[in-house]
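**Student:** need a 3D model of the sequence below.
(chains A, B, C and D)
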Number of protein chains: 2
Amino acid sequence: MRIGELATQAGVSVRALRYYEEQGLLGSVRSPSGQRHYVEAAVDRVQLIQHLYAAGLASRTIAELLPCVDAQVSTPESRATLSAERDRIDRQITELIQTRDRLDAIIDLTTRPDLSGCVIKEDSYAM
Amino acid sequence: MRIGELATQAGVSVRALRYYEEQGLLGSVRSPSGQRHYVEAAVDRVQLIQHLYAAGLASRTIAELLPCVDAQVSTPESRATLSAERDRIDRQITELIQTRDRLDAIIDLTTRPDLSGCVIKEDSYAM
DNA sequence: CTAGAACCTGACGTTGACGTCAGAGGCAAG
DNA sequence: CTTGCCTCTGACGTCAACGTCAGGTTCTAG
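**Tutor:** Numbering: from 1, shown residues only, chains lettered A, B, ... in the order given. Next up is the predicted model:
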């Protein structure tokens, strides 16, 4: 599998894949002419990388953690990084839920029929 | 309340507050000498801005939505933006939960006692 | 065999939310 | 009055994850 097809299948750009390799996140086998070739499993790996990026992890952090995924082994440092990032994501989720609920409240407030123009109510008071 | 105290109370930098004003997110009253003065409610507003930034909204989007919060009224466009962002945050939460669970699985796999050194199992096969 | 698509390596450009520095003025205390 | 902290307005710097362009090679379909 060459870089263009991997890009298509994983839904990222060719440039991104080269960047991942540059950051030590994604390996490739080079053909004699220098072209990158990937195994099928690379699709999943790229998507994992994307999810970790989306969760706010930096390249360096991902580069530190991916070997654990590969070798299924963790050092004390990587264990610390793993649980730290896990907890950070957890707090991020909590905050996002609050913000989402806040947006819901705003939507509710601003969508609800505007009672300020409801003069009839005042008439009923005047009775 | 001057800019330094607002920065302290809201937990952001002075530079950030000037930036918010520049982006039209945060108003201030100027003293004759040109210094910014803020009302108490500015603390909450700054924290709302921070939460919206943390949720991935851009300055322009926030600038578009804050008037709704203030006036409690929404235009058709702002309603669309509001629900679009709400849904985006919702998807983001879902993805973050998946990534967190993925990290949990990795932690579990790499922390668990290493069975690869357990040769006794192979002996039991050899029986 | 040839055109066009895909690939390569640099290397500079982009974007957003600020950080930081320079130079100048403002304000309360002693 | 002056010392020291706070504030002001530009304006350039930063950082990360790519985008984009240049200039050249390689693969593939007809």
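
**Student:** hey, let's count contacts and neighbours off CA atoms from now on
**Tutor:** Will do.

**Student:** tell me the domain boundaries of chain A?
**Tutor:** With automatic domain parsing as the criterion, the domains of chain A are listed as A:1-73, A:89-127.

**Student:** would you convert those domains into a markdown table that also reports mean pLDDT, mean neighbour count and distance to DNA strand C?
**Tutor:** Below are these laid out as a markdown table (pLDDT from 0 to 100; neighbours: other C-alpha atoms under 10 Å in any protein chain shown; distance: least, C-alpha to the nearest atom of the strand, whole Å):
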| stretch | mean pLDDT | mean neighbour count | distance to DNA strand C |
| --- | --- | --- | --- |
| domain A:1-73 | 96 | 15 | 3 |
| domain A:89-127 | 78 | 14 | 16 |
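
**Student:** and of these, who's closest to B:Asp101?
**Tutor:** domain A:89-127 (10.0 Å; C-alpha to C-alpha).

**Student:** could you confirm whether the biggest helix by length in chain A reaches DNA strand D?
**Tutor:** In chain A, assigned by DSSP state H, the helix with the most residues is helix A:76-111. No - Helix A:76-111 lies apart from DNA strand D when judged by C-alpha under 7 Å from any atom of the strand; the minimum separation is 13.6 Å.

**Student:** does that helix come close to chain B?
**Tutor:** Yes - using C-alpha under 8 Å from any C-alpha of the partner chain, helix A:76-111 reaches chain B at A:79, A:82-83, A:86, A:89-90, A:93, A:95-97, A:99-100, A:103-104, A:106-107, A:109-111.

**Student:** now the domains of chain A as JSON lines including distance to B:Leu48?
**Tutor:** Below are those laid out as JSON lines (distance: least, C-alpha to C-alpha, whole Å):
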{"stretch": "domain A:1-73", "distance to B:Leu48": "20"}
{"stretch": "domain A:89-127", "distance to B:Leu48": "8"}
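
**Student:** which helices and strands does the helix or strand containing A:Gln50 pack with?
**Tutor:** Using DSSP states H and E, A:Gln50 sits in helix A:42-54. Here helix A:42-54 touches helix A:3-10, helix A:59-71, helix B:76-111, going by 3 or more C-alpha pairs under 8 Å, 6 or more residues apart in numbering or on different chains; DSSP states H and E.

**Student:** quick one: work out the angle between the last one and helix A:42-54.
**Tutor:** Pointing back at helix B:76-111 there. Helix B:76-111 runs at 120 degrees relative to helix A:42-54, counting by axes from the mean of the first three to the mean of the last three C-alpha atoms, to 10 degrees.

**Student:** just give the closest residue to A:Ile93, not the sequence neighbours.
**Tutor:** B:Ile93 (5.9 Å; C-alpha to C-alpha, 6 or more residues apart in numbering or on different chains).

**Student:** on that earlier part again, can you give the distance from the helix holding A:Gln50 to the centre of its chain?
**Tutor:** 9 Å (C-alpha atoms, centre = their mean, to the nearest Å).

**Student:** separation between the spatially most central residue of chain A and B:Gly56?
**Tutor:** Geometric centre of chain A, nearest residue: A:Ala54, 1.9 Å, by C-alpha atoms, centre = their mean. Noted for A:Ala54: a distance of 11 Å to B:Gly56, by C-alpha to C-alpha, to the nearest Å.
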